[in-house]
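Participant: Pasting the sequence and the predicted model now:
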Amino acid sequence: MSGRRAGAIVALLAGALALAIALFLLVENFARGALVFVFLALAIALGWEALLRRGVQRWLGLGLAALLLAATVYVVVGGHHVLGWVLAGICIAASVAGARIAFRAENSLPRAEPPRHPVLFINPHSGEGRAERVGLAPAAAERGIEVVVLKPGEDLAALVREAVGRGVDALAMAGGDGSQALVAAIAAEHDLPYACIPAGTRNHFALDLGVDREDVVGALDAFVDGGERRVDLGEVNGRVFVNNVSLGVYAEAVSQDAYRQAKLRTLLETLSGTLGPEGDARELRWRDPDGAEQRSTALILVSNNPYLLGPTLGSGTRPRLDTGTLGVVDFHPPIATERSAARWRELTATELEVESDDPIPLGIDGEAVTLQPPLRFRVRPKALRVRIARDHPGASPSATVPKGFSSALRNLALLALAGSVDHQGPERDRNPEHA
């Protein structure tokens, strides 16, 4: 029996057992279950309103929300079926683990010809010095890869262009996603193969490419026996991004000098200062794919290909990086001073233009930038040649995860019964035209 089939069987059986236990406990203790949902809803609503306030009002609201959460825990633990809920939790964890195995991402890329003169650029400060801790530079030298370690004050773009000018035929970057975007843009400009080495802090681009973030040294084998595929790049006003661009409250916060020293406090102050009762939110105007004018204040997230979001496996990653589309998330939370309803929308587009009356703060791949409007977003389809090591997944964690509960259940059943998956279902669900 294959690992995928076994994982699907575990996921289905453990999930069914968890559901049966939960239903039994809820039916037998209906009053307690209803009280739990009421307390949770009140705690969330009160906590959100508290975040929009300042001073005593904020801390009083957060304190009351904490008391409601404590009451929720008391209602659950104070019952006579704590062991049952623990057992249900264990079954849920087993079901999720089984589903992860069943939908494990694998993508065998055709082997590409190794470059003759690759070069690796290393930011020694990324990931709190992760490159040095794992011995990345000597490992690269052993593989015949030239190494350039950035020094304070050096211009990364100038160094990369100088290397291209003297004839290197492949580029790799070990650093944060902002540095990855810069090197990737130059690689795409000259149609050179590029390798993402996950030596940064979060390495979101590496994750969605299918690079094993825990195997920093092994990622160098992309230039030894790796495979190659093409992926898209995003662009805003001529600047390339590999992950996403945030606009709104978060971008306002990261653009402030105080954010580096006090991230949470700055974010809270920005939240109350823009969306609170006395806030002055910066209005962003744009048109959706149907041509209707939209206005946003809280959050717009424009990504290089759409993210898979929601309570599902692989949430927060992009199933594909070659759809030729931008992902757009438009979030407007409930605000007491406004009559407009809360909204959360996920859209796709090939181009997007955002207008404002003032300069617009952005978070481009996590880096704070302020640009003059209008902001013009577009996607560069399959602009980048990416090399990935043979032993790495080669695909995003969400590449094979069906979108929606019914699709996931159907594919788990097919795996468990027949040992194969109906690929048409997930692919159709992930197609931007059907989003």
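Facilitator: Received the coordinates, thanks.

Participant: okay but Ala416 is in contact with Arg5, surely?
Facilitator: Yes - A contact is recorded between Ala416 and Arg5 when judged using Cβ atoms under 8 Å, the distance being 6.4 Å. C-beta coordinates here come from the backbone N, C-alpha and C atoms, glycine included.

Participant: Please compute how far the strand or helix carrying Ala172 lies from its chain's middle.
Facilitator: Ala172 is located in strand 170-174, with elements delineated by DSSP states H and E. Strand 170-174 sits 22 Å away from the centroid of its parent chain (Cα atoms, centre = their mean, to the nearest Å).

Participant: same check, this time on stretch 367-381
Facilitator: Taking Cα atoms, centre = their mean, the mean C-alpha location of stretch 367-381 is offset from the chain mean by 19 Å.

Participant: Just the buried residues of that stretch, please?
Facilitator: By neighbour count, with 16 or more other Cβ atoms under 10 Å as the criterion, the buried positions of stretch 367-381 are 368-369, 371, 373, 375, 377-380.

Participant: closest to Leu313 among those?
Facilitator: Of all those, Leu313 sits closest to Val379, with 25.7 Å by Cβ to Cβ.

Participant: isn't there a helix covering that closest one?
Facilitator: No - remark: Val379 does not belong to a helix; assigned using DSSP: H, G, I helix; E, B strand; the rest coil, it is strand.

Participant: any idea what sits nearest Gln57, other than its immediate chain neighbours?
Facilitator: With Cβ to Cβ, 6 or more residues apart in numbering as the criterion, Gln57 has its nearest non-adjacent residue at 7.1 Å, and that residue is Ala50.

Participant: I figured the one you found hits Val56, correct?
Facilitator: No - using Cβ under 8 Å, Ala50 is not in contact with Val56; the gap is 10.6 Å.

Participant: Enumerate the beta-bridge partners assigned to Tyr121.
Facilitator: Let me fix one detail, which is that residue 121 is Phe and not Tyr. Taking DSSP bridges as the rule, Phe121 bridges to Val148, Met173.

Participant: Do a quick rundown of the strands in the stretch 201-350 of the chain.
Facilitator: Assigned by DSSP state E, counting those that start in this stretch, the stretch 201-350 of the chain shows strands spanning 227-236, 239-241, 244-248, 284-287, 293-296, 299-304, 326-332, 343-349.

Participant: tell me, which of these is the model least confident about?
Facilitator: Least confident of these, judged by mean pLDDT, is strand 293-296 with a mean of 82.

Participant: Show me what it is packed up against.
Facilitator: For strand 293-296, the elements it packs on are strand 284-287, strand 326-332, judged by 3 or more Cβ pairs under 8 Å, 6 or more residues apart in numbering; DSSP states H and E.

Participant: would you turn those into CSV with distance to Phe103 and mean neighbour count?
Facilitator: CSV is the format used below for the helices and strands packed on strand 293-296 (distance: least, Cβ to Cβ, whole Å; neighbours: other Cβ atoms under 10 Å):
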stretch, distance to Phe103, mean neighbour count
strand 284-287, 34, 18
strand 326-332, 21, 21
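
Participant: Any chance of a markdown table for those, columns distance to Ala251?
Facilitator: As requested, the helices and strands packed on strand 293-296 are exported to a markdown table (distance: least, Cβ to Cβ, whole Å):
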| stretch | distance to Ala251 |
| --- | --- |
| strand 284-287 | 10 |
| strand 326-332 | 13 |
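
Participant: Among the ones you listed, which comes closest to Leu159?
Facilitator: Closest to Leu159 of the helices and strands packed on strand 293-296, according to Cβ to Cβ: strand 326-332, at 29.8 Å.

Participant: right, and Ala383 touches Glu235 too?
Facilitator: No - in terms of Cβ under 8 Å, Ala383 does not count as a neighbour of Glu235; the distance is 9.1 Å.

Participant: what's the closest non-adjacent residue to the residue sitting nearest the centre point of the chain?
Facilitator: In the chain, the C-alpha nearest the mean C-alpha coordinate belongs to Gly316, at 3.8 Å (Cα atoms, centre = their mean). The spatially closest residue to Gly316, leaving aside those adjacent along the chain, is Tyr307, at 6.4 Å (Cβ to Cβ, 6+ apart).

Participant: that older thread, and the gap between the residue nearest to the centre of the chain and Ala31?
Facilitator: For Gly316, the distance to Ala31 equals 36 Å [Cβ to Cβ, to the nearest Å].

Participant: swap in Pro115?
Facilitator: 68 Å.

Participant: Check Trp344 too.
Facilitator: In this structure, Trp344 and Ala31 are 32 Å apart, going by Cβ to Cβ.

Participant: These two - which one has more neighbours?
Facilitator: Set Trp344 next to Ala31 and count neighbours by other Cβ atoms under 10 Å: Trp344 wins out with 12 against 8.

Participant: got the contact list for the closest residue to that one other than its chain neighbours?
Facilitator: Excluding its sequence neighbours, the residue lying closest to Trp344 (Cβ to Cβ, 6+ apart) is Phe331, at 5.3 Å. Residues in contact with Phe331 (Cβ atoms under 8 Å, 6 or more residues apart in numbering) are 248, 298-301, 343-345.

Participant: Please enumerate residues in contact with stretch 156-175?
Facilitator: Defining contact as Cβ under 8 Å, 6+ apart, one finds that stretch 156-175 is touched by 115-123, 126, 131, 136, 145-146, 148, 150, 179-180, 182-184, 186-187, 190, 192-200, 216, 220, 222-223, 387.

Participant: buried set for it?
Facilitator: Neighbour-count burial for stretch 156-175 flags 156, 159-160, 163-164, 168-175 (criterion: 16+ other Cβ under 10 Å).

Participant: Cool, thanks, signing off.
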